[in-house]
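Colleague: Quick one: sequence plus predicted model below, questions after.
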Amino acid sequence: MPCDYSQYPADWKERRNRVLARAGQMLDDKGSIFREATCEHCGVPNHEVIYRRKDDRLKWRYPNGCDLGEDDSDYRPTSVVLTIAHLDRTGPPGPNDGPLDCPDDRLAALCQSCHLYLDRERHQAKARATRLAKQGALPLFA
């Protein structure tokens, strides 16, 4: 989902880098990553190619990791992408939203699966509002 970075604080890149460092990302002297961060909820490394169950995106395994005793055709490969989650913006969108300008301890480096799970109510509410707006029943979120 695209982000409107104009809504974020001016020092967002620095905050993002601090959160990734807390999650284990390490840079060499030239600024290149030599150790990837890991999801602060499930521990999967950033950019790792993993296999997710086709029917349950929250279950995953490494390609050479533990055998879950299931046919490999139940899994599909995917690359992990860590994003920075706002821990106070998890409910439906509206006047009670937490701020985008929040301290580092209210941010977390999460894989796409954990981030989507954290924000599930928010995504469900926006999808519901979009469907109703298309039917002419409610205005779309601003």
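Modeller: In hand now; what should we look at? Numbers count the residues shown, from 1 in each chain.
Colleague: looking at it, Gln25 is touching Ser32, isn't it?
Modeller: No. Using C-beta atoms under 8 Å, Gln25 is not in contact with Ser32, being 11.1 Å away. From N, CA and C alone the C-beta is placed, and that goes for glycine too.
Colleague: secondary structure element for the residue most central in space within the chain?
Modeller: With distances taken as C-alpha atoms, centre = their mean, His115 lies nearest the centre of the chain, 3.2 Å away. Element membership of His115 [criterion: DSSP states H and E] is helix 112-118.
Colleague: Run through the neighbouring helices and strands of that helix.
Modeller: Applying 3 or more C-beta pairs under 8 Å, 6 or more residues apart in numbering; DSSP states H and E, one finds that helix 112-118 contacts strand 56-61, strand 83-86.
Colleague: and after the helix or strand of the chain with the lowest mean pLDDT, which helix or strand comes next?
Modeller: The weakest-scoring helix or strand in the chain, judged by mean pLDDT, DSSP states H and E, is strand 56-61 (a mean of 54). Downstream of strand 56-61, the first helix or strand assigned by DSSP H and E is strand 75-79.
Colleague: ok, Gln25 and Ser32, which is more surrounded?
Modeller: Gln25 (19 against 7; other C-beta atoms under 10 Å).
Colleague: what residues are up against that one?
Modeller: 33, 35-37, 46 (C-beta atoms under 8 Å, 6 or more residues apart in numbering).
Colleague: what do you get if the cut-off is 10 Å, keeping everything else the same?
Modeller: Gln25 makes contact with 17, 19, 33-38, 45-46, 82, 109, according to C-beta atoms under 10 Å, 6 or more residues apart in numbering.
Colleague: Quick check: PyMOL command selecting the buried ones in those residues.
Modeller: Of the contacts of Gln25, the buried ones go into a single PyMOL selection, burial set by 16 or more other C-beta atoms under 10 Å:
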select buried, resi 19+36+37+38+45+46+82+109
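Colleague: Distance to Gln124, secondary structure and pLDDT added to the contacts of Gln25, as JSON lines?
Modeller: Output for the contacts of Gln25, formatted as JSON lines (distance: C-beta to C-beta, whole Å; DSSP: H, G, I helix; E, B strand; the rest coil; pLDDT from 0 to 100):
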{"residue": "Asn17", "distance to Gln124": "31", "secondary structure": "helix", "pLDDT": "91"}
{"residue": "Val19", "distance to Gln124": "26", "secondary structure": "helix", "pLDDT": "94"}
{"residue": "Ile33", "distance to Gln124": "34", "secondary structure": "strand", "pLDDT": "81"}
{"residue": "Phe34", "distance to Gln124": "39", "secondary structure": "strand", "pLDDT": "80"}
{"residue": "Arg35", "distance to Gln124": "36", "secondary structure": "strand", "pLDDT": "87"}
{"residue": "Glu36", "distance to Gln124": "31", "secondary structure": "coil", "pLDDT": "87"}
{"residue": "Ala37", "distance to Gln124": "28", "secondary structure": "coil", "pLDDT": "90"}
{"residue": "Thr38", "distance to Gln124": "27", "secondary structure": "strand", "pLDDT": "91"}
{"residue": "Pro45", "distance to Gln124": "29", "secondary structure": "strand", "pLDDT": "90"}
{"residue": "Asn46", "distance to Gln124": "27", "secondary structure": "coil", "pLDDT": "91"}
{"residue": "Leu82", "distance to Gln124": "23", "secondary structure": "coil", "pLDDT": "92"}
{"residue": "Ala109", "distance to Gln124": "24", "secondary structure": "strand", "pLDDT": "94"}
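Colleague: Since that was my last question, I'll sign off now.
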